[in-house]
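*Asks:* quick one, fold the following:
(4 chains)
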Amino acid sequence: MNEVKKYKNPFLRGAIAASFIAEKIQGHQTKTDIGAHSIFLGQVRADVINGKKVAAIEYSAYEEMAIEKMHAIREETFSKYALTCMHVWHSLGNVQAGEICLFVFTSAPHRKVATDACSELVERIKAELPVWGKELFEDETHQWKTNQ
Amino acid sequence: MNEVKKYKNPFLRGAIAASFIAEKIQGHQTKTDIGAHSIFLGQVRADVINGKKVAAIEYSAYEEMAIEKMHAIREETFSKYALTCMHVWHSLGNVQAGEICLFVFTSAPHRKVATDACSELVERIKAELPVWGKELFEDETHQWKTNQ
Amino acid sequence: MNIIDGMKTKVLLFGQLAEAAAPEMEIFDVRDTDQLVQEINKRFPVLSSMHYRIAVNKNLITENTTLTNATTVALLPAFSGG
Amino acid sequence: MNIIDGMKTKVLLFGQLAEAAAPEMEIFDVRDTDQLVQEINKRFPVLSSMHYRIAVNKNLITENTTLTNATTVALLPAFSGG
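*Replies:* All right, here's what the predicted structure looks like:
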């Protein structure tokens, strides 16, 4: 279990604030070999399902497995794409409709590498990380989210 | 010329601040039909060309034509992709190495629309907007930028 | 290790499985994942109709897998992060 | 309009063209873009070896185009925004 410690932990409690995103962008302005940043943000939609509106999603994860898997995805992505930087944050716990639950951030000298890597990361995160979303309706009932 | 007034102006003087980007992200949290944001940021690289390092890029544009062209690109992109929102900002004047000169921001209910539209916008902006970058070297000489 | 007597397997359940049954349990003296699933279904019949994948020590498995002592097995419904 | 006498065309130059010649100029009594380019090259011979596209009233043209009074012609080197 101690080995997990050395891996980056992509999880944050609650929503991802716009100010946090700004801070991470700002932090890359000293890296003057970067020419392109690609950012993906997942935002919780207030979907209406059978007449009931989603108020929030409550995320849970098998954190130890997810951290290891995210590490493997990170290594594979760095091998495949000539990226300068790659960062992923995913919310755990409650995220209200309109708030941000996923922040994927890739940077490279040129744009195609950054955008291709970002898109692939988003697909892999949704398909491969053991994370679950519970859609909480306004009437306090819920259903388990399914990814498309 | 008055017709130009009704079009959005994508140009900003100087670099695009991380705080400006955060403000625009924050502004979309009331739109709860959005599930995905795709953001592209162009950052000025401190390229070394024949031993001389780029300190900044000075951007100029044929603004009236660029504003009209950007309007056309916007209309065509909204026709082609089911986007909720689309925003583009481009710097004019001096942008130092490490600073951000281009901010393309698309939002949609689902991720593929947002990311495809964002990538296409970046390509079209670089190919079709009458904008020029003058690469200013640290020794105060310069060369005109060429896009790949 | 092939100590069967007193062998303990920790089982973690997630998402709708945790909700329907329990977030974790300990199962004793099962030799492989097929036996483990039979045992779990006896305790929580509701799980027998639910779909999930199984991870043994954080690795997804696709066929019956032998368990040794102090193994952690996780029952994972379809992922829905992001 | 086909008033040739006293007809004025405003010419805008950008990027390395503006740097090599002037950011703008007025050219009188030219009938079409080919004539305009000849006139400009007489004033600024350096431009004759430079590559650019031409926009007439903000629309890119690909062949010789007739000019009317109060037309704005722009000489545009390869774009390099972003």
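
*Asks:* and the nearest residue to A:R111 once chain neighbours are set aside, how close does it get to chain C?
*Replies:* Spatial nearest neighbour of A:R111, chain neighbours left out: A:A36 (3.9 Å); criterion: CB to CB, 6 or more residues apart in numbering or on different chains. Where you see a C-beta, it was placed from the backbone N, CA and C, and this is true even at glycine. Applying CB to the nearest CB, to the nearest Å, one obtains 23 Å for the distance of A:A36 from chain C.

*Asks:* swap in A:Y59?
*Replies:* 7 Å.

*Asks:* is that residue part of a helix or strand, or is it coil?
*Replies:* Using DSSP: H, G, I helix; E, B strand; the rest coil, the three-state assignment for A:Y59 comes out as strand.

*Asks:* is it true that it touches A:L92?
*Replies:* Yes - between A:Y59 and A:L92 there is a contact under CB atoms under 8 Å: 5.0 Å.

*Asks:* can you pull up the bridge partners for the residue nearest the centre of chain A?
*Replies:* For chain A, the residue sitting closest to the mean C-alpha position, by CA atoms, centre = their mean, is A:L102 at 3.1 Å. For A:L102, the beta-bridge partners under DSSP bridges are A:G42, A:H90.

*Asks:* that one is in contact with A:L129, isn't it?
*Replies:* No - the criterion here is CB under 8 Å, and A:L102 misses it with A:L129 at 10.0 Å.

*Asks:* hey, what's in contact with both of those two?
*Replies:* A:90, C:81 (CB atoms under 8 Å, 6 or more residues apart in numbering or on different chains).

*Asks:* pLDDT score for the residue at the greatest distance from the centre of chain A?
*Replies:* Note on chain A: the largest C-alpha distance from the chain mean falls to A:G51, namely 28.7 Å (CA atoms, centre = their mean). For A:G51, the model assigns a pLDDT of 95.

*Asks:* low pLDDT regions in chain C?
*Replies:* Scanning chain C for pLDDT under 70 picks out C:1-5.

*Asks:* for it, longest helix please?
*Replies:* helix C:33-43 (DSSP state H).

*Asks:* can you tell if the next helix or strand after that one touches chain A?
*Replies:* For helix C:33-43, the following helix or strand on the C-terminal side (DSSP states H and E) is strand C:53-56. Yes - under the criterion of CB under 8 Å from any CB of the partner chain, chain A is reached by strand C:53-56 at C:A55.

*Asks:* quick one: distance of the next helix or strand along the chain from strand C:53-56 to the chain centre.
*Replies:* Toward the C-terminal end, the helix or strand that comes next after strand C:53-56 (DSSP H and E) is strand C:59-61. Distance, stretch centre to chain centre, for strand C:59-61: 11 Å (CA atoms, centre = their mean, to the nearest Å).

*Asks:* list the strands paired with strand C:59-61, with their directions.
*Replies:* Applying DSSP bridges to the sheet, strand C:59-61 is found paired with strand C:53-56 (antiparallel).

*Asks:* that's a strand at A:E123, yeah?
*Replies:* No - A:E123 is assigned helix when assessed by three-state DSSP, not a strand.

*Asks:* can you count the residues close to it?
*Replies:* 12 (other CB atoms under 10 Å in any protein chain shown).

*Asks:* got it, and A:M86?
*Replies:* A:M86: 20 neighbours (other CB under 10 Å).

*Asks:* ok, it touching A:F103?
*Replies:* No - between A:M86 and A:F103 there is no contact under CB under 8 Å: 11.8 Å.

*Asks:* buried residues in stretch A:74-88?
*Replies:* By neighbour count with 16 or more other CB atoms under 10 Å in any protein chain shown, stretch A:74-88 contains the buried residues A:74, A:77, A:81, A:83-88.

*Asks:* tell me how far that stretch is from the chain's mean position?
*Replies:* Taking mean C-alpha positions (CA atoms, centre = their mean), stretch A:74-88 and its chain are 15 Å apart.
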